[in-house]
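# give the three-dimensional model of this entry:
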Amino acid sequence: MKKTDRETGPSTGESGVILRDQYEHAGATDLVLDDGLVLELTRRYAPGARAVDSVDETGGEARAYMVAAAEGRLVVKTQRPHRRRVRTSLEREALFLRHQAALAGNPLPVPRVLGHGRATVPAKGAAGGQVDAEIEYTVMTRVPGDAMQRVPIDGAARRAALGELGAVLRRVHGASQEPLLSSGLFPGDRAPGDLRLRLEAPAMEAARKLSATPAAALLPESPEALVRRAVEELPEDTTRVALHSNPSAMHTFVDPDNGAFTGLIDFGDAYLSHPALDLRRWDRHADRVAVLEGYRRAGPVDAVFMRVWRVACLLAELTALAAAPADAGGAKERATVIQSLMKERA
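The predicted structure follows:
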């Protein structure tokens with residue numbers, strides 16, 4: 001397997017940070033399984049599977065077949081061969097979810113893995129025709145509700161849902177990490193300085209783009225100087241845990257009728273780094289604050305955690321500003337958030 005930038009094995013002690021995606025099999029056939037095959041795979045773990053209701057491809061790298069079964073609403077998840085990348089792993093996701101299922105206390109609102117495996121199957125390619133190929137798949141339960149990105153909620157209901165998400169992330173991060181670390185399946189921070197590398201490289205790229213736009217004048221110093229000053233505050237060596245990676249509106253589920261939080265899906269991009277990074281993935285800073293509040297209600301955090309969280313949020317705001325510098329109203333709001341976070345650090 002060709003390695004991506006700075007991606008190494010878990011035993012080397014070198015950096016395991018993946019800075020950019022590489023799709024190793026971009027020319028591979030995009031396999032589409034017929035309903036009969038999906039039901040055959042599902043029945044290996046859920047004999048009561050009856051019908052394939054729909055297919056979801058919104059995740060890009062995965063194809064999810066929604067299955068009606070006597071055991072409940074199920075999902076058969078496969079990776080699309082031409083979109084396979086080091087960052088994503090169904091095997092890693094299955095291990096991570098099974099680890100969470102074994103935690104003491106109330107069950108976490110995440111998918112429950114019924115089975116994971118590989119099979120050689122006949123399938124049709126997206127362009128037609130029959131092919132035989134090996135697929136990897138996971139059969140899991142389906143979290144009720146719908147993704148927040150498709151459910152318009154705001155105000156107190158939104159803050160409550162995000163607070164519940166924060167509490168779930170706190171339990172995920174607080175679980176024993178040894179079985180995950182020893183599995184060898186999780187890429188991520190392995191050497192001192194990896195956290196800085198992970199945050200500084202993409203932020204500096206965004207800063208250079210922002211410097212070429214009028215929006216840079218909204219900041220009290222150059223974007224590049226701001227990034228350099230921010231990452232100087234990061235600790236050299238930190239706590240690392242298995243992160244969800246992207247617990248955002250796409251993967252956070254709520255009840256469409258009342259906005260209540262129902263669960264978190266898609267752990268296939270999990271990686272090892274500082275836990276604060278899982279709290280930065282929302283576009284609005286007010287949403288990040290709501291997630292943090294729920295996280296802190298579920299358990300205390302120390303000053304280092306808060307420092308990493310502030311730096312990560314500041315760089316997220318700068319990156320978003322660089323992506324849409326012509327949005328005058330949005331640019332001013334983001335610049336205000338950046339300056340506020342800078343004052344908190346002072």
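# that's a helix at A203, yeah?
Yes: judged by DSSP: H, G, I helix; E, B strand; the rest coil, A203 forms part of a helix.
# that one reaches C313, doesn't it?
No: contact criterion CB atoms under 8 Å: A203 and C313 do not qualify, at 11.6 Å. Heads up, the C-betas are built off the backbone N, CA and C, glycines and all.
# and the helix or strand of the chain with the lowest mean pLDDT, what does it pack onto?
Least confident helix or strand, the chain: strand 31-32 with a mean of 80, by mean pLDDT, DSSP states H and E. Contact here means 3 or more CB pairs under 8 Å, 6 or more residues apart in numbering; DSSP states H and E; on that basis strand 31-32 packs against strand 113-125, strand 130-141.
# out of the ones you listed, which one sits most buried?
strand 130-141 (a mean of 18; mean count of other CB atoms under 10 Å).
# how far off strand 113-125 does it point, in degrees?
160 degrees (axes from the mean of the first three to the mean of the last three CA atoms, to 10 degrees).
# for strand 130-141, name the packing helices and strands.
strand 31-32, helix 35-43, strand 72-79, helix 90-101, strand 113-125.
# could you export stretch 233-240 as PDB, CA atoms only?
What follows is stretch 233-240, C-alpha atoms only, in PDB (Å, rounded to 0.1, in the frame of the first residue of the first chain):
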ATOM      1  CA  GLU A 233       0.400  27.600  22.200                       C
ATOM      2  CA  LEU A 234      -0.100  23.900  21.400                       C
ATOM      3  CA  PRO A 235       1.600  21.500  23.800                       C
ATOM      4  CA  GLU A 236       4.400  19.400  22.300                       C
ATOM      5  CA  ASP A 237       3.100  16.100  23.700                       C
ATOM      6  CA  THR A 238      -0.600  15.600  24.600                       C
ATOM      7  CA  THR A 239      -3.200  13.100  25.500                       C
ATOM      8  CA  ARG A 240      -4.400  11.100  22.500                       C
END
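# returning to that earlier point: tabulate the helices and strands packed on strand 130-141 in TSV, adding columns for distance to M306.
Shown next, in TSV, are the helices and strands packed on strand 130-141 (distance: least, CB to CB, whole Å):
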stretch	distance to M306
strand 31-32	46
helix 35-43	45
strand 72-79	36
helix 90-101	25
strand 113-125	34
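# least reliable of these going by mean pLDDT?
Of all those, strand 31-32 carries the lowest average pLDDT, namely a mean of 80.
# now do the same contact list for M66.
Contact analysis of M66 by CB atoms under 8 Å, 6 or more residues apart in numbering lists V52, D53, S54, V55, D56, R73, L74, V75, R142.
# try 7 Å
V52, D53, S54, D56, V75, R142 (CB atoms under 7 Å, 6 or more residues apart in numbering).
# so it, which of the three states?
Strictly by three-state DSSP, M66 counts as strand.
# and it, how far is that from A133?
Noted for M66: a distance of 22 Å to A133, by CB to CB, to the nearest Å.
# ok, now R296?
47 Å.
# who's in contact with the host helix or strand of K332?
Here K332 sits within helix 328-345, counting by DSSP states H and E. Identification of contacts with helix 328-345 by CB under 7 Å, 6+ apart yields 215, 218-220, 233, 285, 310, 313-314, 317-318, 320-321, 324-325.
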